[in-house]
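Peer 1: from the sequence below, what's the structure:
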Amino acid sequence: MLDPKFIRDNLELIKEGARKKHVKVDIDRFVELDDKRKSLQSELDTKRAEQNIATKNISLAVDHQREKMIPDISDLKTTIQKLEQDLKPILEEWNSILMNIPNPPSLKMPEGKSDEDNVTIRTWGEIPKFDFEPKTHEVLGKELDIIDIEKATEVTGSRFYYLKGGLVLMQFALTMFAFETLTNEDILKKVIKEKGLNLSSKPFVPMLPPVMIKNTVQSSIHRVFGEQTYKIKDEENLNLVASAEHTMALYHMNEALNEEELPKRYIGYSTAFRKEAGTYGKDMKGFFRCHQFDKSEMESFTTAETGEDEQEMIVGLQEYMMQQLEIPYRVQQICTGDTGKPDYQQYDIECWLPGQGKYRETHTSDYMTDFQTHGIKSFHKTKDGEKKLLHTNDATAFAGRPMIAIMENYQTKNGEIVIPEVLRKYMGGKSVIKK
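Peer 2: Here you go, the predicted structure:
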């Protein structure tokens, strides 16, 4: 969430940010409620202080004095209860509006209404040419007996899948490739130098985060997606994560790190759960869009001064890994109408899928400034002792979709899948997936 003082000091910026992101929110009503909140809270604090003094005086008074003082204490208690009752609905409406106010987008973010307005900023790789009709991943998977959608539907329901054989090995190979890459300081130095950035080359720390999260803290970082979120039955305050970064972003909650410790970079791996509400009939074949999938995710904590460059480095690392896999892709700068409330800047990588004959999104990179850390009190201390909010980036390393890109781009005429050279050492030297 945004700092209420920042909102009040930058009303036009906030209103314009909401307009650009197509978020309907009454900023003027928020200011009105904020005035009432502060006035009532000040009066309430004053009365509570008076009550504390009066209570202390009673404890020190003799019996006949105490009897005279009790009515005043009773009146104060009644006044405090009335103020608390008056403040409660104001706080509820104030907080509801505050949680709906989006992070103003970067001036570099293109303005638009939907994904049709996203901007391609670069492409890489040659789109493969086949002397046969390329198959989709679900057809390849069924013919090679490495994906079983039918049995998963029978056992669990739609949008679930079994992975088998070589495809399972490939998933863990991609995970190991990502972890090995992101913990290698020489690779980070290389990407930072190529990007012309002035950043630390401190490597990422591997992490296995929880897949359950308290609803209250998940709400604080704006990662509860309403109908998309799986909630644990009989546990009012517990959800399943929709991505690894949901619990990773909270790792420094209620902490104040020393600036010398920054950046803090983590590469995590976990299962993710999404209801995919509102996508009925979309991407039903294969495992492009599912309720459950495994994902490795980058999360970093930086100062405000280095946050944007950190995102540039992260996107560079995503591109480095896709180039090592030799998968053609394009980088999309996401527009204001297609990005999320927390995002200041967002980039997606879309890989070419020959079976579909188009680019599809496989990676996301989100820079949220201090939008997430304000609600969870994640700070750093400067050398002068000043406390400042941390800035956060999160981004995909690998999930299921890059495997789809490998399957479709590396397929052969006889229906086999050649394994990218860079993954073979993680797959026991295996070079091809075949029957």
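Peer 1: quick one: low-confidence parts of this protein?
Peer 2: 62-64, 66, 225-226, 277-284 (pLDDT under 70).
Peer 1: same for the longest helix seen in it, what does it pack against?
Peer 2: Of all the elements of type helix in the chain, the one with the most residues (DSSP state H) is helix 63-100. On a contact count with 3 or more CB pairs under 8 Å, 6 or more residues apart in numbering; DSSP states H and E, helix 63-100 meets helix 27-60. Every C-beta, even on glycine, is put in place using the N, C-alpha and C of the backbone.
Peer 1: and the helix it packs on, what does it pack against?
Peer 2: Applying 3+ CB pairs under 8 Å, 6+ apart, one finds that helix 27-60 contacts helix 4-9, helix 11-20, helix 63-100.
Peer 1: go again using 6 Å as the cut-off
Peer 2: Contacts defined by 3 or more CB pairs under 6 Å, 6 or more residues apart in numbering; DSSP states H and E place helix 27-60 against helix 63-100.
Peer 1: the helix it packs on to helix 11-20, inter-axis angle?
Peer 2: Here helix 63-100 runs at an angle of 50 degrees relative to helix 11-20 (axes from the mean of the first three to the mean of the last three CA atoms, to 10 degrees).
Peer 1: where does the following helix or strand past helix 63-100 sit relative to the chain's centre, distance-wise?
Peer 2: With elements assigned by DSSP states H and E, the helix or strand that comes after helix 63-100 is strand 119-124. On the basis of CA atoms, centre = their mean, to the nearest Å, strand 119-124 is displaced by 23 Å from the centre of the chain it belongs to.
Peer 1: go ahead and name everything in contact with strand 119-124.
Peer 2: The set of residues external to strand 119-124 that reach it, using CB atoms under 6 Å, 6 or more residues apart in numbering, is Pro110, Tyr329, Arg330, Val331, Gln332, Gln333.
Peer 1: that one pairs with which strands?
Peer 2: strand 329-333 (antiparallel) (DSSP bridges).
Peer 1: report the buried residues of the strand it pairs with.
Peer 2: Using 16 or more other CB atoms under 10 Å as the test for burial, strand 329-333 gives Tyr329, Arg330, Val331, Gln332, Gln333.
Peer 1: likewise for stretch 110-121?
Peer 2: Those would be Pro110, Gly112, Asn118, for stretch 110-121 by 16+ other CB under 10 Å.
Peer 1: after the host helix or strand of Thr271, which helix or strand is next?
Peer 2: Using DSSP H and E, Thr271 sits within strand 264-273. For strand 264-273, the succeeding helix or strand toward the C-terminus, using DSSP H and E, is strand 292-302.
Peer 1: returning to what we had before: can you list the buried residues of stretch 110-121 in JSON lines and add distance to Asp9?
Peer 2: What follows is the buried residues of stretch 110-121, written out as JSON lines (distance: CB to CB, whole Å):
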{"residue": "Pro110", "distance to Asp9": "26"}
{"residue": "Gly112", "distance to Asp9": "28"}
{"residue": "Asn118", "distance to Asp9": "31"}
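Peer 1: and which of these is nearest Met403?
Peer 2: Within these, proximity to Met403 (CB to CB) peaks at Asn118, which comes in at 23.6 Å.
Peer 1: how far out from the middle of the chain is stretch 256-264?
Peer 2: 21 Å.
Peer 1: give me the contacts around that stretch.
Peer 2: Residues from elsewhere that reach stretch 256-264 (CB under 6 Å, 6+ apart): Ser200, Lys202, Ser300, Phe301, Thr302, Phe379, His380, Lys381, Thr382, Lys387.
Peer 1: the fourth one against His391, yeah?
Peer 2: No. Counting by CB atoms under 6 Å, Phe301 sits too far from His391 to count as a contact (7.3 Å).
Peer 1: relative to strand 292-302, how tilted is the host helix or strand of Ile406?
Peer 2: Assigned by DSSP H and E, Ile406 falls within helix 401-409. Here helix 401-409 points in a direction 120 degrees away from that of strand 292-302 (the same axes, to 10 degrees).
Peer 1: so what secondary structure elements neighbour helix 401-409?
Peer 2: helix 137-143.
Peer 1: can you count the residues close to Arg29?
Peer 2: Neighbour count of Arg29, defined by other CB atoms under 10 Å: 12.
Peer 1: for Met253, same thing?
Peer 2: Residues contacting Met253 under the criterion other CB under 10 Å number 15.
Peer 1: spell out the secondary structure type for it.
Peer 2: Recorded secondary structure, Met253: coil (DSSP: H, G, I helix; E, B strand; the rest coil).
Peer 1: how about the contacts made by it?
Peer 2: Contact analysis of Met253 by CB under 6 Å, 6+ apart lists Ile376, Ser378.
Peer 1: how close does Gly307 get to Asp384?
Peer 2: Noted for Gly307: a distance of 20 Å to Asp384, by CB to CB, to the nearest Å.
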